[in-house]
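In: Okay, here's the prediction I keep looking at, along with the sequence it came from:
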Amino acid sequence: MAYDYDTQNIFAKILRGEIPNDTVLETEHSLAFNDIQPQAPVHVLVIPKGAYLTWDHFAAEASDAELADYSRAIQAVIDKLAIAPGAGGEGYRLIVNGGKAGIQEVPHLHTHILSGKVLGRMLP
Ligand code: 5GP
């Protein structure tokens, strides 16, 4: 499979420190920061530090350490913001857009974490 990663994408620039970001948390292999145009009171993006275009690229080529770190980083944000229903929070939605059909704008894997309002139904 060919993955055409563009090193000039905005999240690559954030990772290189060329563009500032509002960091929520950082782990060895992942970075979480607030979305610049939040669609909800909580709108955090979690990205792997590695050069991965999409979820499928990450799943195919990331190391076990990166995969584990990424899922733990997502959960660490949920814990930090206390949005999990089990922790008394109001719940959340995770979104990963991939490619054209997914309307992925930034070509570096990112998971959106949304919370703080009732988000509306996304599936029929
Ligand atoms: P996508 O449509 O690719 O799933 O979502 C890309 C997200 O990145 C959008 O929610 C957009 O607001 C966010 N975004 C785009 N540029 C920047 C930026 O420079 N900084 C931050 N923090 N978020 C950005």
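Out: Happy to help now that I have it. Numbering: from 1, shown residues only.

In: So what touches the longest helix belonging to the chain?
Out: The helix spanning the most residues in the chain, taking DSSP state H as the definition, is helix 64-81. Helix 64-81 is contacted by residues 24-25, 27-32, 42, 44, 46, 48, 50, 58-59, 62, 84, 87, 89, 92, 94, 111, 113, 115 when judged by Cβ atoms under 8 Å, 6 or more residues apart in numbering. Backbone N, C-alpha and C define where each C-beta goes, glycine included.

In: among those residues, which are in strands?
Out: 24-25, 30-32, 42, 44, 46, 48, 94, 111, 113, 115 (DSSP state E).

In: quick one: pLDDT of the spatially closest residue to Thr54 that is not a sequence neighbour?
Out: Nearest residue to Thr54 in three dimensions, chain neighbours excluded: Gly98, at 4.4 Å (Cβ to Cβ, 6 or more residues apart in numbering). You'll see Gly98 listed with a pLDDT of 97.

In: Pro124 now?
Out: Pro124 is assigned 71 on the pLDDT scale.

In: distance between the ends of stretch 11-23?
Out: 12 Å (Cα to Cα, to the nearest Å).

In: burial of the closest residue to Phe58 other than its chain neighbours, as a residue count?
Out: Closest residue to Phe58 apart from its sequence neighbours, by Cβ to Cβ, 6+ apart: Tyr52 at 4.1 Å. Other residues near Tyr52 number 23, with proximity taken as other Cβ atoms under 10 Å.

In: Need the nearest residue in space to Val77, chain neighbours excluded.
Out: Once flanking residues are discounted, Val77 sits nearest to Ala32: 4.9 Å by Cβ to Cβ, 6+ apart.

In: Settle this for me: the residue nearest to Phe58 is touching Asn9, isn't it.
Out: No. Counting by Cβ atoms under 8 Å, Tyr52 does not reach Asn9; the two are 11.0 Å apart.

In: Now for these two: what residues contact both?
Out: Common neighbours of Tyr52 and Asn9 (Cβ under 8 Å, 6+ apart) are His108.
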